[in-house]
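Engineer: A structural model of the following input is requested.
(one chain, ligands or ions: 2)
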Amino acid sequence: MTENKVSSYRSFKDKEKPVEVRLSNIIAAKAVGDAVRTSLGPKGMDKMIQTGSGEVVITNDGATILKHMSVLHPAAKMLVDLSAAQDVEAGDGTTSVVVIAGALLGAAEKMLVKGIHPTTIAEAFQRAANKSTEFLTEMSTQIDLSDKNSLLRAASTSLNSKIVSQYSGLLAPIAVDAVLRVIDPATATNVDLKDIRIVKKVGGTIDDTELIDGLVLTQNVVKNSGGPTRIEKAKIGLIQFQLSPPKPDMENQIIVNDYRLMDKILKEERQYLLNMCKKIKKTGCNVLLIQKSILRDAVNDLSLHFLSKLKILVVKDIERDEIEFICKSTGCKPIADIESFAEDKLGYAELIDEVQTSGARVVKITGVKHIGKTVSILCRGANSLVLEEAERSLHDALCVVRCLVKKKALIAGGGAPEIEVSQRLSEYAKTLKGMEAHCFEAFANALEVIPITLAENAGLNPINIVTELRNKHALGEKTAGINVKKVALGFILVVYLFIFLKEVFNIHFYI
Ligand SMILES: Nc1ncnc2c1ncn2[C@@H]1O[C@H](COP(=O)(O)OP(=O)(O)OP(=O)(O)O)[C@@H](O)[C@H]1O
Ligand SMILES: [Mg+2]
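Structural biologist: Numbers count the residues shown, from 1 in each chain. Ligands and ions are numbered 1, 2, ... in the order given. Predicted coordinates:
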């Protein structure tokens, strides 16, 4: 009994363990930050990752790199989650958040070693983060959604640091137009990116990527039964039932030993399918989209034959997750059984056509009734690696424009906001006392990791660059940043800092 008491007393006194755990957590999380550091900025290096299943991914996107890294350490995993959260919320800036979080943890580590209590550090960092958001808001410039140039610059800055950067001149206007078409620029405060569908098709080059006001289906029109492949003034029916003979629910066998009965069964089957096809035609439907079925064949040769005779264009194998977008675009409603097949459930489009573009066939549905509700981007690329990255980059650019719709403000990029905030925080720290001032100073220094990394990745001298930038900001040039591309300075969004600061501090508290 007494022995137990003594040992628990000892474990309370033993302060080694918590410090050790904390430091090991910080080291693991910093390692993650260092892993993605080299891919920050336009001159950052892309990563080639081989996944567990042997698949190869080439990317520059922080969230994608981290998603594929098999991180085991719980603290390191939180940085992966941080990047994923940024991806959901802002889409872009997923590398920056991890790099900054790593730098802040490095700063925290140094202070922990000096003996400052973790809670003091966490609280001071939280306040410094709030202050930084204030400074960022102050230095941002308001924009209007009618100012398309600013939107284009923001989208192409985001694309410039990707593998597909040489196509930013084409992809940025596509991203901006896509967003502007699905919103009302005068009143919009958010964009639902589900209204913009990116359809990937291998073949051609990224140059062939196009924006389509309507819908693109990667499935082909069924042609072997001789039906039409182009329909004007289309009335579209989307069915979720099968156009094939019904099957019993139970597994059983029917033995027919009389040829007349056999004939009768076939006749019944024919009649059953013909009735269904006729009923479809009667409603005026001339385009039939058929959902993929797992129960039995969604459509068989006989019904395809009837449909082609009735001059109905058929596209089969529509995926379950495409249904919602198709309905929204064309105004049709999914039909679950033949009894409820009625005219009011049909959608409308001016033209449905199967076109061949750079070696691939796609079905384009244009001139839809509810124009402006949805748009599709047909994304092309020579192979699946490039295509996947092009899609991710386009998604980032769309997210950037969405951020601008949500928060109509921009700040300059190239390390300018980080240096500015860092300087103003240092100044503010002078008005504080004791430990807090020390923590604010450390926070301010940690932010310089972004310009340092940008310069390092571009092969420039980081010390010279950061000193020069500090000097310029001290003289009041708030937007001075590095331009590693030697083109006019781009802009990054103010939002990403708001978000990451919140996330970073959630992490810090756990540690
Ligand atoms: N021309 C440029 N010169 C200098 N820095 C630039 C330039 N264009 C962009 N940047 C900077 O590059 C950084 C963004 O780099 P990058 O796009 O690789 O990372 P991210 O946006 O944080 O993450 P991701 O795009 O992978 O989600 C920003 O800090 C931005 O200011
Ligand atoms: Mg980016």
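Engineer: From now on I want contacts and neighbour counts done on CA atoms only, so please keep to that.
Structural biologist: Noted.
Engineer: okay, now the domains of this structure?
Structural biologist: Per the record, the chain has its domains at 16-141+410-510, 219-370, by automatic domain parsing.
Engineer: of all those, which gets the most neighbours per residue?
Structural biologist: domain 16-141+410-510 (a mean of 19; mean count of other C-alpha atoms under 10 Å).
Engineer: quick one: Arg402 and Lys194 touch, right?
Structural biologist: No. At 11.8 Å, Arg402 does not count as touching Lys194 under the criterion of C-alpha atoms under 8 Å.
Engineer: want to throw the domains of the chain into CSV with distance to Asn383 and mean pLDDT?
Structural biologist: CSV is the format used below for the domains of the chain (distance: least, C-alpha to C-alpha, whole Å; pLDDT from 0 to 100):
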stretch, distance to Asn383, mean pLDDT
domain 16-141+410-510, 12, 83
domain 219-370, 13, 86
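Engineer: Just put those in a markdown table and tack on distance to Cys379.
Structural biologist: A markdown table is the format used below for the domains of the chain (distance: least, C-alpha to C-alpha, whole Å):
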| stretch | distance to Cys379 |
| --- | --- |
| domain 16-141+410-510 | 17 |
| domain 219-370 | 11 |
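Engineer: Ligand 1 is nearest to which of the ones you listed?
Structural biologist: domain 16-141+410-510 (3.1 Å; C-alpha to the nearest ligand atom).
Engineer: coming back round to it: what's the closest of the domains of the chain to ligand 2?
Structural biologist: Closest of these to ligand 2 is domain 16-141+410-510, at 4.9 Å (criterion: C-alpha to the ion).
Engineer: Run the chain-centre distance for that closest one.
Structural biologist: Relative to its parent chain, domain 16-141+410-510 has a centroid offset of 21 Å by C-alpha atoms, centre = their mean, to the nearest Å.
Engineer: Could you point out which of the domains of the chain sits nearest Ser161?
Structural biologist: Comparison of those against Ser161 by C-alpha to C-alpha identifies domain 16-141+410-510 as nearest, at 3.7 Å.
Engineer: Does ligand 1 have contacts with that closest one?
Structural biologist: Yes. Domain 16-141+410-510 reaches ligand 1 (C-alpha under 6 Å from any ligand atom) through 39-42, 60-62, 92-96, 413-415, 482-485, 489-490, 492.
Engineer: Restricted to helices, list these.
Structural biologist: Per DSSP state H, helices hold the following members of those: 62, 94-96.
Engineer: got a list of what the residue in the stretch 151-300 of the chain positioned nearest to ligand 1 touches?
Structural biologist: Here the stretch 151-300 of the chain gets closest to ligand 1 at one residue, Ser161, 4.7 Å apart by C-alpha to the nearest ligand atom. Contact partners of Ser161, counting by C-alpha atoms under 8 Å, 6 or more residues apart in numbering, are 40-44, 60.
Engineer: and the gap between it and Lys194?
Structural biologist: 25 Å (C-alpha to C-alpha, to the nearest Å).
Engineer: same question, Val368
Structural biologist: Applying C-alpha to C-alpha to Val368 and Lys194 gives a distance of 17 Å.
Engineer: And for Leu454?
Structural biologist: Separation of Leu454 from Lys194 (C-alpha to C-alpha): 33 Å.
Engineer: Ends of stretch 378-390, what's the gap?
Structural biologist: Termini of stretch 378-390 sit 11 Å apart (C-alpha to C-alpha).
Engineer: Over to stretch 425-436?
Structural biologist: First residue to last in stretch 425-436 (C-alpha to C-alpha) measures 12 Å.
Engineer: now swap in stretch 199-216 and tell me
Structural biologist: 7 Å.
Engineer: Rounded mean pLDDT for that stretch, please.
Structural biologist: Mean pLDDT, stretch 199-216: 88.
Engineer: Pull the most distant pair out of the contacts of Ser161.
Structural biologist: Top of the distance list for the contacts of Ser161 (C-alpha to C-alpha): Lys43 and Asn60, 10.5 Å.
Engineer: Could I get the contacting residues of the residue sitting nearest the centre point of the chain?
Structural biologist: Residue closest to the mean C-alpha point of the chain, counted by C-alpha atoms, centre = their mean, is His395 at 4.7 Å. With contact set as C-alpha under 8 Å, 6+ apart, His395 has these partners: Gly91.
Engineer: Specify the local secondary structure of it.
Structural biologist: Here His395 is recorded as helix under DSSP: H, G, I helix; E, B strand; the rest coil.
Engineer: How much space separates it from ligand 2?
Structural biologist: 11 Å (C-alpha to the ion, to the nearest Å).
Engineer: Please determine how far that residue is located from Glu55.
Structural biologist: Applying C-alpha to C-alpha, the value for His395 to Glu55 is 21 Å.
Engineer: Likewise for Leu310?
Structural biologist: Leu310 is 45 Å from Glu55, by C-alpha to C-alpha.
Engineer: and what of Thr479?
Structural biologist: 42 Å.
Engineer: Show me which residues of the stretch 101-250 of the chain sit near ligand 1.
Structural biologist: So the stretch 101-250 of the chain meets ligand 1 at 157-158, 161 (C-alpha under 6 Å from any ligand atom).
Engineer: now, which of those lie within helices?
Structural biologist: Per DSSP H, those map to helices at 157-158.
Engineer: Out of the residues of the stretch 101-250 of the chain next to ligand 1, flag the one nearest to ligand 2.
Structural biologist: Looking across those and measuring by C-alpha to the ion, the closest to ligand 2 is Ser158, at 4.6 Å.
Engineer: hmm, who's touching the helix or strand where Glu354 lies?
Structural biologist: Using DSSP states H and E, the element containing Glu354 is strand 347-357. For strand 347-357, the surrounding residues in contact (C-alpha under 8 Å, 6+ apart) are 204, 220-221, 229-237, 327, 330-333, 361-369.
Engineer: again, only this time at 7 Å
Structural biologist: Strand 347-357 has contacts (C-alpha atoms under 7 Å, 6 or more residues apart in numbering) with 221, 229-237, 330-332, 361-369.
Engineer: next SSE after it?
Structural biologist: strand 360-368.
Engineer: Partner strands of that following strand and their direction?
Structural biologist: Applying DSSP bridges, strand 360-368 is found paired with strand 214-217 (antiparallel), strand 347-357 (antiparallel).
Engineer: Make TSV from those and add distance to Val375 to it.
Structural biologist: Formatted as TSV, those follow (distance: least, C-alpha to C-alpha, whole Å):
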stretch	distance to Val375
strand 214-217	5
strand 347-357	14
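Engineer: Using JSON lines, lay out those together with distance to ligand 2.
Structural biologist: Formatted as JSON lines, those follow (distance: least, C-alpha to the ion, whole Å):
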{"stretch": "strand 214-217", "distance to ligand 2": "28"}
{"stretch": "strand 347-357", "distance to ligand 2": "30"}
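Engineer: Restricting to C-alpha, output the strand holding Glu354 in CSV.
Structural biologist: Extracted as CSV, the C-alpha positions of strand 347-357 are listed here (Å, rounded to 0.1, in the frame of the first residue of the first chain):
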residue,chain,number,x,y,z
GLY,A,347,-36.1,17.2,-69.2
TYR,A,348,-35.4,19.4,-72.2
ALA,A,349,-32.4,20.3,-74.3
GLU,A,350,-32.0,22.0,-77.7
LEU,A,351,-29.4,19.5,-78.9
ILE,A,352,-27.9,16.2,-77.9
ASP,A,353,-25.1,15.1,-80.0
GLU,A,354,-22.3,12.5,-79.8
VAL,A,355,-19.1,14.3,-80.9
GLN,A,356,-15.6,13.1,-81.4
THR,A,357,-12.9,15.2,-80.0
